[in-house]
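Peer 1: Just need the structure, nothing else, for what follows:
(2 chains)
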Amino acid sequence: MDFKILKKSKKNKARLGILKTSHGEIETPSFVPVATQATIKTLTSEEAKAAKCQILICNTYHLHLKPGEKIVKANGGLHKFMNWRAPLMTDSGGFQVFSLGFGRDFGVGKILKSATNMFLTEPVVRSLQRRAATLPLSAATPIPSETKLAALPRHSARNTFVASISVGSQPQNIKITDEGVWFRSPIDGRKIFIGPKESMKIQESLGADIIFAFDECTPPLADYEYTKKSLEKTHKWALQSLKFKGKKQALFGIVQGGKFKDLRIKSAEFIASQSFDGFGIGGEFGDSKNDMVKMINWVNEKLPENKPRHLLGIGYLEDIPKIIKSGIDTFDCIAPTHYARRGFAFTSFGKLDLGKSIFLKDRKPLDKKCDCEVCQNYTRSYICHLLKAKEITALRLLTSHNLYFFNSFVEKIRDEIKKGKI
RNA sequence: CCGGCGGUGGCGGAGUGGCCAAUCGCACUUGACUGUAAAUCAAGCGGGCAUGUCCCUGCGCAGGUUCGAAUCCUGCCCGCCGGA
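Peer 2: Now for the predicted structure:
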């Protein structure tokens, strides 16, 4: 892998670059669509290419479960297996430590919407209540009691229970040890161990161009001590990932540290000091978008300029210009593909919920400013009909449009950096 | 015309004397979703407002029995099936 910076913005930290791999090169900054199970859900690889995707990211954990890396390897590796003749990344499984662990237990994502969202919503509390018997005491303090729950106003949007995750807490369905993580397969419940060595071996068999170190993605409810301990583990795992990585692949080390400045900086300095080919910035980003950019800046200031920086799992449309301006080269996000399957289209004037009945009478394209195939040939009315009829074509059309829209959006930003407008 | 079965919320369909404004599914409405356990999940869904352990109306229509009826009885209307 080779990374060349073609131009640096004079107005901010944005950079224009070319990332070369043995499967071709991509222009950066670039959006990286998510192909967890070796497919952009609902699309073929050709269709993903037609939607201007340059590079995709697949998932180690999911492909280890199904079909297993041996099968992928026997098929000649991921590129051949999925007929994607362009660059590929694989995520290490570190995100699943969070998403199948505390993320699931608490019904939270990587970013809390606002400080008030520290208060769990009623459905979350109900789900906690259901699990109260098995929930580790330290994981949720205080655990809502039956009586407190009964006293809740029936339609209240949130309640007064504040959750925090502290040292010693373990998620319900997985076990995090110093050596790695015991997962319980969501498919059949069997136990699966993944540590840095296992992740590297799986990723080597999968054969993506760029792979990531195994890490723990810390939850936004984690306190300082938990995040600090977790960071030590992630750093230890980073060194082991370097040790066990395949020779042909580029390995990106992952910076963690949660919302805590000293931890983020410490992590960035440590990961930067190692012989990684590039960097991932992971974990949670506090509870507001402003904080997120601030946190990315803490990290990017410590990372060497000449190596690529990938922001893991962030990329709502409104985030994209900001993160690019703070010096991010690549970033992945499920938004375009995930929302497509919820019936949403991203457009130049906002997000459209095509599932709403009013669109049945709307004969305009999704976005008249968009020049994708879907917008040239289909109406909102038709897509709304397909959604209501539960036809999978609706999801294909929306996925295709959304990806084209995101990729074009970033393409325009590259163009603006080129012209010195950004 | 006779006999049998049946008519429950927008639709399908439970319930067969009190725990019933009525299980459940669909449809519909609203909300959520950022390294995808996610073509998913949550809430609402007769009317009213003072949004409540609140008030109205209500299980084809009209009566009746009963402390109490969607549930039992009588008559009528409608549908399906069988027989003339």
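Peer 1: any idea of the mean pLDDT for stretch A:183-200?
Peer 2: When pLDDT is averaged over stretch A:183-200, the result is 88.
Peer 1: Other residues contacting it?
Peer 2: With Cβ atoms under 8 Å, 6 or more residues apart in numbering as the test, stretch A:183-200 has contacts from A:60-61, A:64-66, A:92-94, A:96, A:100, A:173-174, A:179-182, A:202, A:211, A:213-214, A:237-238, A:240-241, A:244-246. (Each C-beta comes from the backbone N, C-alpha and C, glycine too.)
Peer 1: Buried subset of those residues, written for ChimeraX?
Peer 2: Of these, the buried ones go into a single ChimeraX selection, burial set by 16 or more other Cβ atoms under 10 Å:
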select /A:60,61,64,65,92,93,94,96,100,173,174,180,181,202,211,213,214,237,238,240,241,244,245,246
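Peer 1: Check the contacts of stretch A:183-200 one by one and keep those near RNA strand B.
Peer 2: A:Ser92, A:Gly94, A:Gln96, A:Leu100, A:Asn173 (Cβ under 7 Å from any atom of the strand).
Peer 1: Of those, which is the nearest to A:Gly258?
Peer 2: A:Gly94 (13.8 Å; Cβ to Cβ).
Peer 1: so what's the closest one closest to, chain neighbours aside?
Peer 2: Distances taken as Cβ to Cβ, 6 or more residues apart in numbering place A:Asp215 nearest to A:Gly94, at 3.8 Å, with adjacent residues excluded.
Peer 1: just to revisit the earlier point, looking at the ones next to RNA strand B among the contacts of stretch A:183-200, which are in helices?
Peer 2: Applying DSSP state H to these, the entries found in helices are A:Gly94, A:Gln96.
Peer 1: which one in the ones next to RNA strand B among the contacts of stretch A:183-200 is the model shakiest on?
Peer 2: Model confidence across those bottoms out at A:Asn173, which has 86.
Peer 1: Please name the residues that touch that one.
Peer 2: A:Leu100, A:Gly101, A:Arg104, A:Asp105, A:Phe183, A:Arg184.
Peer 1: again with A:Ala48
Peer 2: Per Cβ under 8 Å, 6+ apart, neighbours of A:Ala48: A:Pro33, A:Ala35, A:Ile40, A:Leu56, A:Trp84, A:Leu403.
Peer 1: Do any residues in the strand or helix carrying A:Leu397 lie close to RNA strand B?
Peer 2: In the assignment (DSSP states H and E), A:Leu397 maps to helix A:392-418. Yes - on the criterion Cβ under 7 Å from any atom of the strand, helix A:392-418 is in touch with RNA strand B at A:Ile392, A:Leu395.
Peer 1: which strands and helices sit next to that helix?
Peer 2: strand A:15-21, strand A:30-33, helix A:45-50, helix A:320-325, helix A:335-340, strand A:344-347, helix A:373-377, helix A:380-388 (3 or more Cβ pairs under 8 Å, 6 or more residues apart in numbering; DSSP states H and E).
Peer 1: Give the buried residues for it.
Peer 2: Of all the residues in helix A:392-418, those buried under the rule 16+ other Cβ under 10 Å are A:394-411, A:413-414, A:416-417.
Peer 1: Give the burial count for whichever residue of the stretch 1-150 of chain A sits closest to RNA strand B, as a bare number.
Peer 2: Proximity of the stretch 1-150 of chain A to RNA strand B (Cβ to the nearest atom of the strand) peaks at A:Gly109, 2.5 Å away. Neighbourhood size, A:Gly109 [other Cβ atoms under 10 Å]: 14.
Peer 1: residues contacting it?
Peer 2: A:Gly103, A:Pro220.
Peer 1: Surely it is within a helix?
Peer 2: No - secondary structure assignment (DSSP: H, G, I helix; E, B strand; the rest coil) places A:Gly109 in coil, not in a helix.
Peer 1: Contacts for the particular helix or strand that has A:Leu263 in it, please.
Peer 2: Using DSSP H and E, A:Leu263 sits within helix A:261-272. Helix A:261-272 is touched from outside by A:224, A:227-228, A:231, A:234-235, A:238, A:253-258, A:279, A:295, A:298-304, with contacts defined as Cβ under 8 Å, 6+ apart.
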